[in-house]
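> fold the following for me, if possible:
(one chain, ligands or ions: 1)
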Amino acid sequence: MKPVLTLITIAGMAMAAMPAHGEIINIATPSTSLVLDATQGQPLKIMHYGDRMTDADIDALPSAGSINLNAYPVYGLNPQGEAALSVTHTDGNRTTDLAVKGVTRTKDDGADITTVTMADTYYPLEVKVNYRTYPGDEVIETWVDITNNEKGKVTLNRFMSGYLPVRYGDVWMSSLYGTWADEANLTEEPLPHGVRMIKNKDGLRNTHTAHPEVMLSLDGKPRENNGRVIGAALCYPGNYKLFVDTDDSNFHHLFAGINEENSEYHLRKGETFSTPELALTYSREGLGGVSRNFHRWGRAHRLHAGDKERKVLLNSWEGVYFDINEEVMAGMMEDIASMGGELFVMDDGWFGDKYPRDVDNSSLGDWVVDTNKLPNGINGLLETARKNGVKFGIWIEPEMTNTVSELYEKHPEYIIKAPNREVVKGRGGTQLVLDMANPKVQDIVFQIVDTLMTKYPAIDYIKWDSNAPIMEHGSQYLTADEQSHLYIDYHKGLAKTLDRIRAAHPDVTIQACASGGGRANWGILPWFDEFWTSDNNDALQRVFMQWGTSYFYPAIAMGSHISASPNHQTFRRIPTKFRADVAMSGRLGLEMQPRDMNDEDKAICRQAIKDYKAIRPIVQFGDLYRLLSPYDRKGVASLMYVTPEKDDAVFYWWKIETFMGQQLPRVPMAGLDPDKTYRVTELNRIDNQPLPYEGKTFTGRYLMSNGLEMPLTYKVDYHKNTDYASRVLRLTAVD
Ligand code: GLA
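Model (predicted):
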């Protein structure tokens, strides 16, 4: 018998009348559907997530054997499986039983939000499951609001952002792991029986060791440009837990949310707890399709100023470390200006009055200029920048202090510390974390940025660093009963502060750095314009790290700098040309002392900056097509960016191994229009003669089935030969 169902398509806005029961919701994006059964009085059920469904298919769905599992499983009744929510009610009851009360649809700043309100069948506890879509985008954001209307306090023991059942099969998970200076390594493995978990407990920096994002390839071993793939990204910069439980049912169960360990959250009567968003997407175009979905959505809706071109910069850190002074800064500004750069960023070491910051063991919190190093202060530097025609940026680490600082001397109560314990110290043996749960600390952090920007409105860029984890569990601000809120209230406080900062200073570019790539996270990017990808600038290792990062993040957000050779982390010697060719596949910058460069290196960088400016819109706003993975160990890695109109593209090819007699695969391109004709121009050319196809035209069809032959070496004077080779080609459509 045909079920009595009412179909509501959200993004398409095809809505029928709403009966008291049997409401089927189709949360649709241009090519995907999340189909839910929101029958009143029943738990919310998920029926389908994947390709967009027609109304007729949805009508017939129950007969096909749809998923039919609770969309937001709760703990207590039949508690054998994993749950997304676990609550201890006021009277001690640990069971929850939710039923749908109603569905609402709202518009928020152009987005469509569907909210399914559920309530416990006995206790006045309300749970709203929300889904947000943006017209034209393929991502569905989901999050949950939990409101306590019980007589007293309830405790949330687990409070995930979302749950997604995936039909059991040859499902592979792609995810990132790593460590400091080796972030975003890619791992791909079939889902095992049991639990595969990714987690973080750092407190602050949550993307060094692993990332709260995964891709699930539904058709066996992941492929780049075909196969069905689901992507999930938890948008949260704090402790997280993301796991897939493959049990004895027909499903792999994906859960993602805040890590609840040592973080049980108490809700007083009338209070609401909102989880961070989990962003879900689906593509039939393989891993690449999911990446492009995340990149487009991220630039349009999550990355601060995602539609604004990023400048080419020089950062002072690896050039001079703490040896900052006026003359050296002026020299660096002059040099980056002469190479065509647009911005100079003064890193760590410029501040501290009573305690000058000469090494990493003092002064955080004392954000006043060290006038011994900089007698004319920030204004003097801004004036030098203006004269050189570049913008000026500055490094701060606002969430931190040191035992050796005026801030700590005055306010020891502002730091994170447990009672009756020696304080645990970090970097330099003295670094401490300020307690962002404390509103007074929030004010201080707001004022650091507000004072800088008010006194020096010409500051164009802030590098916001964060170089410590939460090193002991204790808030001097929260009550004894609220100590378990520390990890979460830290991030609530940080979010509040960043909201205030952005309301007052919407235009300053802010980089999220956290000991390198510790904050490459969709949860922090609404306030930040980019992240520092890694403290490791070795171009060869960057090919791997940036490859992994590109699974979830667009090039515009990825700080990517040309640094010195030998490299300061790996001590590897890599020629400038290769270093430039790698750096210009992200947000290009330099991270070295230009005075140490010879004229030839400077000329290569000058050319790279010039060429990068020409392709910047393609790299920063284009669609990414990964062509040959460095992880496949074929001796070469290659990717390209293509404009949405497919009228301009840039192709990167990096040889990552060198042996005599080496045979390398020829790399077919992707993402072009087969029927368009493209002219090839090599960028960053160092060869004495152009490539044979320089200036020649080829159809997109030819390039996508054959690619172009890449010489394994450069044609340069004998003494300039190196063991590295790389190419960057621009492909411009001609009429
Ligand atoms: C961290 C950052 C570096 C640099 C130093 C300064 O390690 O990741 O880029 O800013 O701090 O102390």
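
> report how many residues lie close to the closest residue to L303 other than its chain neighbours.
Counting by CB to CB, 6 or more residues apart in numbering, L303 lies nearest to L525, which is 4.8 Å off, once chain neighbours are set aside. For glycine as for every other residue, the C-beta is placed from the backbone atoms N, C-alpha and C. Per other CB atoms under 10 Å, the neighbour tally for L525 reads 23.

> doesn't L525 lie inside a helix?
No - counting by DSSP: H, G, I helix; E, B strand; the rest coil, L525 is not part of a helix but coil.

> scan this protein for its longest helix.
Longest helix in the chain, counting residues (DSSP state H): helix 599-621.

> what about that one, distance to the chain center?
Remark: helix 599-621 is offset 25 Å from the chain centroid, using CA atoms, centre = their mean, to the nearest Å.

> buried residues, that helix. List them.
601, 604-605, 607-609, 611-613, 615-616, 618-621 (16 or more other CB atoms under 10 Å).

> try stretch 108-118
For stretch 108-118, the buried set under the neighbour-count rule, 16+ other CB under 10 Å, comprises D112, I113, T114, V116, T117, M118.

> list just the nearest of the residues you listed to the ligand.
Taking CB to the nearest ligand atom as the measure, the ligand lies nearest I113 of those, at 36.9 Å.

> quick check: mean pLDDT across whichever strand or helix holds the closest one?
In this assignment (DSSP states H and E), I113 forms part of strand 111-120. Mean pLDDT, strand 111-120: 98.

> helices or strands up against that strand?
Packing contacts for strand 111-120, counted by 3 or more CB pairs under 8 Å, 6 or more residues apart in numbering; DSSP states H and E, involve strand 23-28, strand 98-108, strand 125-133.

> among those, which comes closest to G257?
Of all the helices and strands packed on strand 111-120, it is strand 125-133 that lies closest to G257, at 12.7 Å by CB to CB.

> what does that closest one contact?
For strand 125-133, the surrounding residues in contact (CB atoms under 8 Å, 6 or more residues apart in numbering) are 10-11, 27-29, 34, 44, 71-72, 74, 85, 87, 89, 96, 98, 108, 111-120, 139-150, 154, 277.

> how distant is it from the center of its chain?
Worked out by CA atoms, centre = their mean, strand 125-133 lies 24 Å from the chain centre.

> quick check: angle from that strand to strand 98-108?
40 degrees (axes from the mean of the first three to the mean of the last three CA atoms, to 10 degrees).

> immediately after strand 125-133, which helix or strand?
Counting by DSSP H and E, the next helix or strand C-terminal to strand 125-133 is strand 139-148.

> could you give the angle of that next one to strand 111-120?
40 degrees.

> can you name every helix or strand that strand 139-148 contacts?
Using 3+ CB pairs under 8 Å, 6+ apart, strand 139-148 is in contact with strand 85-88, strand 125-133, strand 154-167, strand 265-267, strand 272-274, strand 278-283, helix 286-297.

> any chance of those in a markdown table, plus distance to the ligand and mean neighbour count?
Converted to a markdown table, the helices and strands packed on strand 139-148 look like this (distance: least, CB to the nearest ligand atom, whole Å; neighbours: other CB atoms under 10 Å):
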| stretch | distance to the ligand | mean neighbour count |
| --- | --- | --- |
| strand 85-88 | 37 | 22 |
| strand 125-133 | 33 | 22 |
| strand 154-167 | 28 | 22 |
| strand 265-267 | 31 | 20 |
| strand 272-274 | 31 | 15 |
| strand 278-283 | 26 | 26 |
| helix 286-297 | 24 | 24 |
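
> dump those to a markdown table, plus mean pLDDT.
Shown next, in a markdown table, are the helices and strands packed on strand 139-148 (pLDDT from 0 to 100):
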| stretch | mean pLDDT |
| --- | --- |
| strand 85-88 | 98 |
| strand 125-133 | 98 |
| strand 154-167 | 98 |
| strand 265-267 | 98 |
| strand 272-274 | 98 |
| strand 278-283 | 99 |
| helix 286-297 | 98 |
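
> ok so, going back, so who does the residue nearest to L303 touch?
G298, R302, L303, H304, A512, F531, A557.

> ok, T95 next?
Counting by CB under 8 Å, 6+ apart, T95 touches Y75, G76, L77, P79.

> of the residues you listed, which is the nearest to the ligand?
The nearest one, if we look at the contacts of T95 relative to the ligand and count by CB to the nearest ligand atom, is Y75, at 40.0 Å.

> my guess is that closest one meets V87, correct?
Yes - taking contacts as CB atoms under 8 Å, Y75 lies within contact range of V87: 7.5 Å.

> mutual contacts of these two, please.
Shared contacts of Y75 and V87, defined by CB under 8 Å, 6+ apart, are found at R94, T96, N157.

> closest one of those to A184?
Taking CB to CB as the measure, A184 sits nearest to N157 out of these, at 31.7 Å.

> nearest residue to that closest one in space, please, no chain neighbours.
S86 (4.1 Å).

> the one you found pairs with what?
Beta bridges link S86 to R158, judged by DSSP bridges.

> for the longest helix of the chain, give me every contacting residue.
By CB under 8 Å, 6+ apart, the list of residues contacting helix 599-621 reads 299, 307, 309-310, 312, 335, 338-341, 554-556, 562, 576-577, 580-581, 583-588, 590, 594, 597, 641-644, 648-650, 683-686, 728, 730.

> count residues in the vicinity of M669, would you?
25.

> what does the one 5 residues further on give?
One way to gauge burial is a neighbour count; for P674, by other CB under 10 Å, it gives 12.

> from L164, how far out is the closest residue to L216 other than its chain neighbours?
Nearest residue to L216, sequence neighbours excluded (CB to CB, 6+ apart): I230, at 4.5 Å. Separation of I230 from L164 (CB to CB, to the nearest Å) stands at 7 Å.

> rewinding a little: among the contacts of L525, name the ones in strands.
Judged by DSSP state E, strands contain the following of those: A512, F531.

> turn the contacts of L525 into TSV, columns for distance to F243.
Formatted as TSV, these follow (distance: CB to CB, whole Å):
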residue	distance to F243
G298	24
R302	23
L303	27
H304	30
A512	26
F531	25
A557	26
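
> scan the contacts of L525 and report the most crowded one.
So for the contacts of L525 (other CB under 10 Å), the most neighbours sit at A557, 29 neighbours.

> distance of that residue from the ligand?
16 Å (CB to the nearest ligand atom, to the nearest Å).

> and the pLDDT at that residue?
A557 is given a pLDDT of 98.

> ok, now the one 3 residues further on?
According to the predicted model, the pLDDT of S560 comes to 98.

> quick check: phi and psi on it?
Note on S560: backbone dihedrals following degrees, to the nearest 10 are phi -150, psi 110.

> what about R727, which SS state?
strand.

> nearest residue to it other than its sequence neighbours?
W653 (4.5 Å).

> okay, that neighbour: pLDDT?
98.

> report the angle between the helix or strand encompassing it and helix 599-621.
Using DSSP H and E, W653 sits within strand 648-655. If you take the same axes, to 10 degrees, strand 648-655 sits at 130 degrees to helix 599-621.

> give me the next element, helix or strand, following strand 648-655.
Next along the chain after strand 648-655, taking DSSP H and E as the criterion, comes strand 677-683.

> buried stuff in that following strand?
Neighbour counts using 16+ other CB under 10 Å place T677, Y678, V680, T681, E682, L683 of strand 677-683 among the buried residues.

> direction included, what does that strand pair up with?
By DSSP bridges, strand 677-683 pairs with strand 697-699 (antiparallel), strand 725-734 (antiparallel).

> contacts for that strand?
584, 608, 611, 614-615, 649-650, 672, 690-691, 693-700, 703, 708, 727-734.

> buried among these? Make that a ChimeraX selection.
With 16+ other CB under 10 Å as the criterion, this ChimeraX line picks the buried residues out of the contacts of strand 677-683:
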select :584,608,611,615,649,650,672,691,698,700,703,708,727,728,729,730,731,732,733
